[in-house]
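Participant: next one to model:
(2 chains)
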Protein chains: 2
Amino acid sequence: MNSPTPSPMFKKIALVGIGLIGSSMAHGARKHCLAGEIAGYARREETRVAAQKAGFADSLHDNLESCVKDADLVVLASPVGSFAEIAPQIGPHLVAGAIVTDVGSVKMAVIRDVGPHLPEGVHFIPGHPVAGTEQSGPNAGFAELFEGRWCILTPPPGADAAALEKLKTFWERLGSKVETMDAAHHDLVLAITSHVPHLIAYNIVGTAADLEEVTESEVIKFSAGGFRDFTRIAASDPTMWRDVFLNNREAVLEMLGRFNEDLSALQRAIRWGDGDELQNFFTRTRAIRRSIIEAGQDIEAPDFGRSQKEKDTD
Amino acid sequence: MNSPTPSPMFKKIALVGIGLIGSSMAHGARKHCLAGEIAGYARREETRVAAQKAGFADSLHDNLESCVKDADLVVLASPVGSFAEIAPQIGPHLVAGAIVTDVGSVKMAVIRDVGPHLPEGVHFIPGHPVAGTEQSGPNAGFAELFEGRWCILTPPPGADAAALEKLKTFWERLGSKVETMDAAHHDLVLAITSHVPHLIAYNIVGTAADLEEVTESEVIKFSAGGFRDFTRIAASDPTMWRDVFLNNREAVLEMLGRFNEDLSALQRAIRWGDGDELQNFFTRTRAIRRSIIEAGQDIEAPDFGRSQKEKDTD
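Facilitator: Just a heads-up that it's a prediction; the model follows:
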């Protein structure tokens, strides 16, 4: 484990942002010997101090220029709203042949904000590992976060084939499966599989907190009836999610419109006591859960294995 | 373990319905020696055969009369929509002093449907263990399901104090914490902590399944972005949930109205690019998650412990 491989995939990986995803990539790159050197950038001193203690980076920077200097892989891993400010600052300091990628949850806006600021000879391949937990910050990361999860790459037209292949291999070494798609399609797919689910989770938690007839203490006590599942993703990083919604507006509003239409139909079935419609609707959603488990995208144990886990720790 | 206690709490427990909850109660009653005898009723032969194999009941019945005969505790544990038909059938066969309870997720409708059919001298104390998994049927049950979870009892005015106390002790022996409240308040609390969360989970899964621009295969592959969490509760028993919505209409529509209002405000903030409003909203929902974990109603491990669990099984 301690002997460095003679030639890692990248000489220097610069992580611009070292929260959950950035620190997990650092841990994973270390574990699989993918980087000669790992540099991390964080705006806040508190983050750099925590990262220093966690020890996943060889150097930590409060300065973008020194972080990306000589890096052959630069990863933007801060909230996507910060990219428009970061890209023009790093552009002039990138070396020819470097790959620039990101881990943002939206892709059209990233291409808009980053693309124009990168010099000729630098390969820009936006990416999105569809993995995470509700925790954030440099202490939340772990090497296995990407194992078995999909990473989506959205190379712009004319992207360098060798750079794309190399980045794909990098994610595969971290344990991911990799799919390539067009950025606009990515934003639509993620609007339904991630962005709208987060929005409605945040929303139901907010609704419950604001009630007058039901106390917060009751909401908490009786949350095992279903509500607690939503609080997990509603505990995700607020800045990251603000930026996602500001930067994937059209696709989110489109999917939310469909969600609302469908919910109105269910609401109407409840109001009119249409039991058959309700039961048919509730029956067909079971199959999707089954497919997700079969595809290895969730665990099979009931209740996400929580009950089993509680028993384990008794 | 095999030596029966000289005097269990109940001589005979009759479980009218032996799905997830009924079978878990049987397992728990066995484990904690709370019943001299356990009788189970199921309408379908398939269910009785499965229960026979699982071995949690001393006798299995296709006949309500023989199941409840001489029972000093009768538990209605079938979908709440079936109670109106069951209650008049069991009423004439109940012994004086018996406690009749249920485990339904709604309480006003249960009192309406069951109460009038029970004879004088029988103690009717409706109940609702706020516990479950997305699995159903006689093989899904386990003795620990109720441990650390709340059970709500909604005794009608004038209910027998000794019967209430005995039922409370029974649930505590199964590992539950017990709270007593008025049936109307129960229905309102559960509408927000359980019924509306299930409805929106079913709904988002349905919306995703119906899209033309995004394939079902894409929804499944990229479900780890948040969507997969919703598929768990959207895999719950369709008949049970149909009956919940048909029997808690007013409270569900009231809470759904508030959910929709709040969602419209978030939708508007997205449309108008109001980042401050989004971030403030997303920040305050974090605290509720923390309180739920502190109250022992969810586990602290990130991602419900799924990542950890996946590592364990590697």
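Participant: how's chain A carved up into domains?
Facilitator: Here chain A is described, according to automatic domain parsing, as comprising the domains A:10-181, A:185-312.
Participant: A:F124 pairs with what?
Facilitator: The bridge-partner assignment for A:F124, based on DSSP bridges, gives A:V100.
Participant: and it, what is it in contact with?
Facilitator: Contact partners of A:F124, counting by Cβ atoms under 8 Å, 6 or more residues apart in numbering or on different chains, are A:99-101, A:114-115, A:118, A:156, A:159. Where C-beta positions appear, they are placed from N, C-alpha and C, glycine not excepted.
Participant: rerun that using 6 Å as the cut-off
Facilitator: With contacts defined as Cβ atoms under 6 Å, 6 or more residues apart in numbering or on different chains, A:F124 is in contact with A:100, A:115, A:118.
Participant: got the buried residues for stretch A:192-209?
Facilitator: Neighbour-count burial for stretch A:192-209, with 16 or more other Cβ atoms under 10 Å in any protein chain shown as criterion, is recorded at A:192-208.
Participant: so is it next to chain B?
Facilitator: Yes - using Cβ under 6 Å from any Cβ of the partner chain, stretch A:192-209 reaches chain B at A:192-194, A:197-198, A:200, A:202-203, A:205-208.
Participant: what's the burial count for A:G55?
Facilitator: For A:G55, the count of nearby residues is 10 (other Cβ atoms under 10 Å in any protein chain shown).
Participant: all helices for the stretch 201-314 of chain A, in order.
Facilitator: In chain order, the stretch 201-314 of chain A shows helices spanning A:216-221, A:227-233, A:238-247, A:249-271, A:275-284, A:286-294, A:306-312, with DSSP state H, counting those that start in this stretch as the criterion.
Participant: return the most buried member of those.
Facilitator: The densest packing among the helices of the stretch 201-314 of chain A, expressed as mean neighbour count by mean count of other Cβ atoms under 10 Å in any protein chain shown, is seen in helix A:227-233 with a mean of 26.
Participant: for that one, packing partners?
Facilitator: For helix A:227-233, the elements it packs on are helix A:196-209, helix B:286-294, judged by 3 or more Cβ pairs under 6 Å, 6 or more residues apart in numbering or on different chains; DSSP states H and E.
Participant: list the contacts of A:N139.
Facilitator: By Cβ under 6 Å, 6+ apart, the residues touching A:N139 are A:50, A:54.
Participant: the helices and strands packed on helix A:227-233: which one's closest to B:G91?
Facilitator: Between B:G91 and the helices and strands packed on helix A:227-233, the shortest gap by Cβ to Cβ is with helix A:196-209, which sits at 38.2 Å.
Participant: dump the closest one to CSV, restricted to CA.
Facilitator: Taking only C-alpha atoms (Å, rounded to 0.1, in the frame of the first residue of the first chain), the coordinates of helix A:196-209 have been written out as CSV:
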residue,chain,number,x,y,z
VAL,A,196,-37.2,17.2,-8.2
PRO,A,197,-36.8,14.4,-5.6
HIS,A,198,-34.6,16.7,-3.5
LEU,A,199,-37.0,19.6,-4.0
ILE,A,200,-40.1,17.7,-2.8
ALA,A,201,-38.1,16.2,0.1
TYR,A,202,-37.1,19.7,1.2
ASN,A,203,-40.6,20.8,0.7
ILE,A,204,-42.4,18.2,2.8
VAL,A,205,-40.0,18.7,5.6
GLY,A,206,-40.6,22.5,5.4
THR,A,207,-44.4,21.9,5.3
ALA,A,208,-44.3,19.7,8.4
ALA,A,209,-42.1,22.2,10.3
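Participant: how far off centre is that helix?
Facilitator: Per Cα atoms, centre = their mean, to the nearest Å, the displacement of helix A:196-209 from the mean C-alpha position of its chain is 19 Å.
Participant: roughly how far apart are the closest residue to A:E277 other than its chain neighbours and A:A287?
Facilitator: Computed as Cβ to Cβ, 6 or more residues apart in numbering or on different chains, the closest residue to A:E277 that is not its neighbour in sequence is A:A269, at 4.3 Å. Between A:A269 and A:A287 the computed distance is 20 Å (Cβ to Cβ, to the nearest Å).
Participant: do the same with A:T193
Facilitator: Relative to A:A287, A:T193 is positioned 17 Å away (criterion: Cβ to Cβ).
Participant: ok, and the most crowded of the contacts of A:F124?
Facilitator: Counting neighbours by other Cβ under 10 Å, the top entry in the contacts of A:F124 is A:V100, with 27 neighbours.
Participant: for it, what are its contacts?
Facilitator: Each residue near A:V100 by Cβ under 6 Å, 6+ apart is listed here: A:74, A:118, A:122, A:124.
Participant: again with A:Q89
Facilitator: Contacts for A:Q89 were tallied using Cβ under 6 Å, 6+ apart; they are A:L64.
Participant: that one: what secondary structure?
Facilitator: In three-state terms, and counting by DSSP: H, G, I helix; E, B strand; the rest coil, A:Q89 is helix.
Participant: find the closest residue to chain B in the stretch 201-314 of chain A.
Facilitator: With Cβ to the nearest Cβ as the measure, the residue in the stretch 201-314 of chain A that lies nearest chain B is A:G225; the distance is 2.9 Å.
Participant: so the closest residue in space to that residue that isn't next to it in sequence: helix, strand or coil?
Facilitator: Excluding the flanking residues, the one nearest A:G225 by Cβ to Cβ, 6+ apart is B:S194, at 2.9 Å. Counting by three-state DSSP, the backbone at B:S194 sits in helix.
Participant: from what I see, B:S194 and A:R228 are in contact.
Facilitator: No - applying Cβ atoms under 6 Å as the test, B:S194 and A:R228 come out as separate, 9.9 Å apart.
Participant: so what pLDDT did the residue nearest to A:E277 get?
Facilitator: Turning to A:A269, the model gives it a pLDDT of 98.
Participant: cool, A:G206 as well?
Facilitator: Per-residue confidence (pLDDT) for A:G206: 95.
Participant: for it, which residues are in contact?
Facilitator: With contacts defined as Cβ under 6 Å, 6+ apart, the neighbours of A:G206 are B:262, B:281, B:285.
Participant: A:A235 too?
Facilitator: Here A:A235 is in contact with A:134, B:286, B:289 (Cβ under 6 Å, 6+ apart).
Participant: re earlier: mind checking how far the residue nearest to A:G225 is from A:Q279?
Facilitator: As for B:S194, its distance to A:Q279 is 18 Å (criterion: Cβ to Cβ).
Participant: rewinding a little: and of the domains of chain A, who's closest to B:V49?
Facilitator: The closest of the domains of chain A to B:V49 is domain A:185-312. By Cβ to Cβ, the value is 21.8 Å.
Participant: now do the contacts for A:H198.
Facilitator: The contact partners of A:H198, taken as Cβ under 6 Å, 6+ apart, are A:233, A:241, B:226.
Participant: can you classify the residue in the stretch 1-150 of chain A that chain B sits nearest to as helix, strand or coil?
Facilitator: Evaluated by Cβ to the nearest Cβ, the stretch 1-150 of chain A has A:T133 as its residue closest to chain B, separated by 3.6 Å. The local conformation at A:T133, judged by three-state DSSP, is coil.
Participant: surely it and B:G305 touch.
Facilitator: No - the criterion here is Cβ under 6 Å, and A:T133 misses it with B:G305 at 10.1 Å.
Participant: report the separation between the closest residue in space to A:R232 that isn't next to it in sequence and A:P238.
Facilitator: If you skip the residues right next to it in sequence, A:R232 has A:E134 as its closest partner in space, 5.0 Å away by Cβ to Cβ, 6+ apart. In this structure, A:E134 and A:P238 are 11 Å apart, going by Cβ to Cβ.
Participant: just A:G132 next, same as before
Facilitator: Relative to A:P238, A:G132 is positioned 14 Å away (Cβ to Cβ).
Participant: ok, so what distance separates A:N248 from A:P155?
Facilitator: 19 Å.
Participant: who has more neighbours out of the two?
Facilitator: More crowded of A:N248 and A:P155, by other Cβ under 10 Å: A:N248, with 27 against 23.
Participant: looking at it, that one is touching A:M108, isn't it?
Facilitator: No - with contact defined as Cβ under 6 Å, A:N248 does not count as touching A:M108 (7.6 Å).
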